[in-house]
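**Student:** sequence-free structure coming up:
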């Protein structure tokens, strides 16, 4: 019998308890031992809850109980969660987390503490919710040199963009509806500005390189400027708009970015709709592979946390391989990145745009006031200079090759 | 330094050697030790090949060399490969294989031998080529109760069907072209009749249930009867035709089948084009997830074999968890399975079809000689009886819900 503590009895924490209860036969078989939740740490009480008596308010109770071998950290944030995680690992207790903020900020340090104390710090649920992606990167694609990862890593923005595409609706209206349905937070900034996706691609990029990619070095742009009309143009080009988080290890340097991109409707990432997420990985032997599923939600996320618990149960006293050193990866200036761009300018700038960009392909959806076009491949820097020459544009969206 | 032997220097075997050489820095780091190919078993000699001197013709040389810890079985077939695998495992040497035929026929016995001899029998490459799917099922989805797996598991048939859909071409013409391009064998039966997909879904179904699903119990139907006109009808219904291999654990029993199905163009499996494969998995907590990539080819398949080698290197003397017991799963009579069907009958049977099937939806692509329709949901048995009443049909294709 392995005793577990759950830190935080919110959405994911209560999901962890539910998954362990619902699938106990399968899970105990795979863990090789029975799992039992002994404590739930929360500031609140939960009168009437079947786990009411397991709720404690003091982390030290958990820390000092030698029976507790595995801790599920589903609190979020990088203050208390950081403190508790360090103390747990120092005490030789494994920690399984869904906390991308903490993993992105302190992953390599916590992994080092786990190694030094012969336990594990696992974070399958921190990226892509229930989609197995951390383990495939760490244990499956071990014969590959991975040089590119592109993800749809935020369910809220993907839901909004899918709705905008399907219904021709504008951002603000769909955001409001998403908030009413609980798919978006009342303060949606972390999602719609791309900050959440940024932390997640920082984690994946670190695993891809085996070093640390600082999320603060990743250029991040949200979806708040995308309009219904942009989708009309995209449709005309057989494309849609998705918030992509990607990193690429190229001859010109290591690039990482979060931004809305136009992608072809023939691309596998196009079918990632609504709150689904996917991670598209390129390796030098395998080529492209993709991992798709529910990127958020109580039970999918909890399922990933519990899969980590099973892994910890099977590796007691042993640290599972994970290469993520503290050495920083130098992220290249995105000004050097080359791609095509979709651009909308006012109709009176048609001649100037053609002069500035040379070869371009006009996209016409019958809006007389605008001149819209797709550029040739050029660097971000050159593109920005050209747009400055024009005195700005109505909107511009990067195009995924 | 871990010494490896490769059995069979054909496409996959030579790929294994190439992957180990090309990515040695990444692979050795992940294996925790340097890997080196010591022997290559083949009937042929390879004068001028850089590995010429490692080629041996006698398996006993490998078996008796205590330095060899891991054997890659890339011979195929279930005779010599079976004999060599058993001998290797009995000698405590781990075996990594791409041989779906052998895994489907003798998986649980070979896994037991591995357990008894403290080594491993791993087969990531046997299903989905380079796509990580065996490991995600065994190590990642451990908190799930998996109740359904649907795969596009054969690249040759998927290439043919994709071409037929795209170009409006007929089966025989596309098969011929695929043979010329090397995407189909000169004797294409194993692929086009679904036998290859059948073995692969038997393996996945066994891992899903933890018991043995005998591939001989799986109803298997190929793609040779699919015509260009069927795709025209499918297009009219916003669908396409894919060869699906699936198993479902339902209240009515355990169903497994390989057959061409019409699927909606909105389904994630629709974007699996050409020689790509994908596996769509349903779990009770996570819901749907999908694993997509190259299902065949020298380097992708070899990459999966080498990922198994890395796993063996990291678990020397330990058997990695894999639940696949010898106990047989009772596969339910497909007559009981319920679904909708697409049917084409000659125009003179219109009234009789409407009488036999009751409610149906006509599909019209302007072929006066035919009456085509989609049935309501019904059992396979009931459907077959109705078709018999009509004295047969021109063609019928199952529809995926």
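**Tutor:** Okay, I see it. Values in this document were obtained by computation on a predicted structure and should not be read as measured data.

**Student:** before we move on, which element is the closest residue to residue A:356 other than its chain neighbours in?
**Tutor:** Nearest residue to residue A:356, sequence neighbours excluded (CB to CB, 6 or more residues apart in numbering or on different chains): residue A:386, at 4.4 Å. Glycine gets a C-beta too; all of them are placed from N, C-alpha and C. Using DSSP states H and E, residue A:386 falls within helix A:380-389.

**Student:** neighbours around residue A:246, how many?
**Tutor:** Per other CB atoms under 10 Å in any protein chain shown, the neighbour tally for residue A:246 reads 23.

**Student:** The closest residue to it other than its chain neighbours bridge partners, please.
**Tutor:** The shortest distance from residue A:246 to any non-neighbouring residue, by CB to CB, 6+ apart, is to residue A:150 (4.0 Å). Using DSSP bridges, the bridge partners assigned to residue A:150 are residue A:246, residue A:280.

**Student:** Please tell me how far residue A:150 sits from chain B.
**Tutor:** 13 Å (CB to the nearest CB, to the nearest Å).

**Student:** Equivalent analysis for residue A:364, please.
**Tutor:** The separation that residue A:364 has from chain B, given CB to the nearest CB, amounts to 27 Å.

**Student:** same deal with residue A:234?
**Tutor:** Distance, residue A:234 to chain B, by CB to the nearest CB: 18 Å.

**Student:** residue boundaries of the helices in chain A?
**Tutor:** Under the criterion DSSP state H, helices of chain A are mapped to A:11-22, A:24-31, A:59-63, A:80-90, A:100-116, A:134-135, A:155-167, A:171-181, A:189-192, A:195-209, A:228-236, A:298-314, A:350-357, A:380-389.

**Student:** Please point out which parts of the fourth one sit buried.
**Tutor:** I take that to be helix A:80-90. A:81-82, A:84-85, A:87-89 (16 or more other CB atoms under 10 Å in any protein chain shown).

**Student:** contact partners of that helix?
**Tutor:** A:7, A:59, A:62-63, A:71, A:73, A:75, A:94-95, A:97, A:99, A:102, A:105-106, A:110, A:113-114, A:117, A:119, A:121 (CB atoms under 8 Å, 6 or more residues apart in numbering or on different chains).

**Student:** Can you flag the buried ones in those?
**Tutor:** Buried among the contacts of helix A:80-90 by 16+ other CB under 10 Å: A:7, A:59, A:62-63, A:71, A:73, A:75, A:94-95, A:97, A:99, A:102, A:105-106, A:110, A:113-114, A:117, A:119, A:121.

**Student:** List the residues that contact the residue nearest to residue A:246.
**Tutor:** So residue A:150 contacts A:244-246, A:269, A:279-280, A:400 (CB under 8 Å, 6+ apart).

**Student:** Give me the neighbour count for residue A:293.
**Tutor:** Neighbour count of residue A:293, defined by other CB under 10 Å: 28.

**Student:** Would you mind listing what in the stretch 151-300 of chain A touches chain B?
**Tutor:** The stretch 151-300 of chain A has residues A:210, A:266, A:268, A:270-271, A:283-294, A:299-300 near chain B, with proximity defined as CB under 8 Å from any CB of the partner chain.

**Student:** Among those, name the ones in strands.
**Tutor:** A:283, A:287-294 (DSSP state E).

**Student:** what residues go with each domain of chain A?
**Tutor:** A:2-129+A:298-314, A:141-294, A:334-399 (automatic domain parsing).

**Student:** what is the mean pLDDT for the shortest one?
**Tutor:** Going back to what we said before, that points to domain A:334-399. Domain A:334-399 shows a mean pLDDT of 97.

**Student:** before we move on, what about stretch A:303-316?
**Tutor:** In this model, stretch A:303-316 carries a mean pLDDT of 98.

**Student:** That one near chain B at all?
**Tutor:** Yes. Stretch A:303-316 reaches chain B (CB under 8 Å from any CB) through A:303-307, A:309-311, A:314.

**Student:** sorry, back to before: tell me which of the helices of chain A lies nearest to residue B:134.
**Tutor:** Comparing the helices of chain A by their distance to residue B:134 (CB to CB), the top pick is helix A:134-135, with 12.4 Å.

**Student:** what's next to the closest one, contact-wise?
**Tutor:** A:122-124, A:126-127, A:203, A:207, A:307, A:311, B:135-136, B:139-140.

**Student:** Nearest to residue A:329, out of these: which one, please.
**Tutor:** Nearest to residue A:329 out of the contacts of helix A:134-135 is residue A:207 (CB to CB; 11.5 Å).

**Student:** was I right about the closest one contacting residue A:321?
**Tutor:** No. Here residue A:207 lies out of contact with residue A:321, judged by CB atoms under 8 Å, at a distance of 11.2 Å.

**Student:** So for these two, which sits in the more crowded spot?
**Tutor:** Using other CB under 10 Å, the more surrounded residue of residue A:207 and residue A:321 is residue A:207, with 22 against 14.

**Student:** what's the pLDDT at that one?
**Tutor:** Listed pLDDT for residue A:207 reads 98.

**Student:** before we move on, what about residue A:181?
**Tutor:** Looking at residue A:181, its pLDDT is 89.

**Student:** With the one 10 residues further on instead?
**Tutor:** At residue A:191, the predicted lDDT confidence score is 97.

**Student:** So what's the residue count around it?
**Tutor:** For residue A:191, using other CB under 10 Å, the count is 26.

**Student:** What of residue A:158?
**Tutor:** Residue A:158 has 27 nearby residues by other CB under 10 Å.

**Student:** which residues does it contact?
**Tutor:** By CB under 8 Å, 6+ apart, the residues touching residue A:158 are A:152, A:242-243, A:272-277, A:295.

**Student:** same question, residue A:241
**Tutor:** Applying CB under 8 Å, 6+ apart to residue A:241 gives the contacts A:161, A:164-165, A:223, A:226, A:230-231, A:234, A:260-263, A:397.

**Student:** how close does residue A:272 get to residue A:205?
**Tutor:** 19 Å (CB to CB, to the nearest Å).

**Student:** from memory residue A:291 sits against residue A:128, does it?
**Tutor:** Yes. Between residue A:291 and residue A:128 a contact is recorded at 7.0 Å, counting by CB under 8 Å.

**Student:** neighbour count winner among those two?
**Tutor:** residue A:128 (32 against 26).

**Student:** from memory that one sits against residue A:281, does it?
**Tutor:** No. Contact criterion CB under 8 Å: residue A:128 and residue A:281 do not qualify, at 11.5 Å.

**Student:** shared neighbours of these two, anything?
**Tutor:** Each of residue A:291 lies in contact with both residue A:128 and residue A:281 under the rule CB under 8 Å, 6+ apart.

**Student:** which residues touch the nearest residue to residue A:98 once chain neighbours are set aside?
**Tutor:** Nearest non-adjacent residue to residue A:98, counting by CB to CB, 6+ apart: residue A:125, 3.7 Å away. Shown in contact with residue A:125 (CB under 8 Å, 6+ apart): A:12, A:96-98, A:301-302, A:304-305, A:308.
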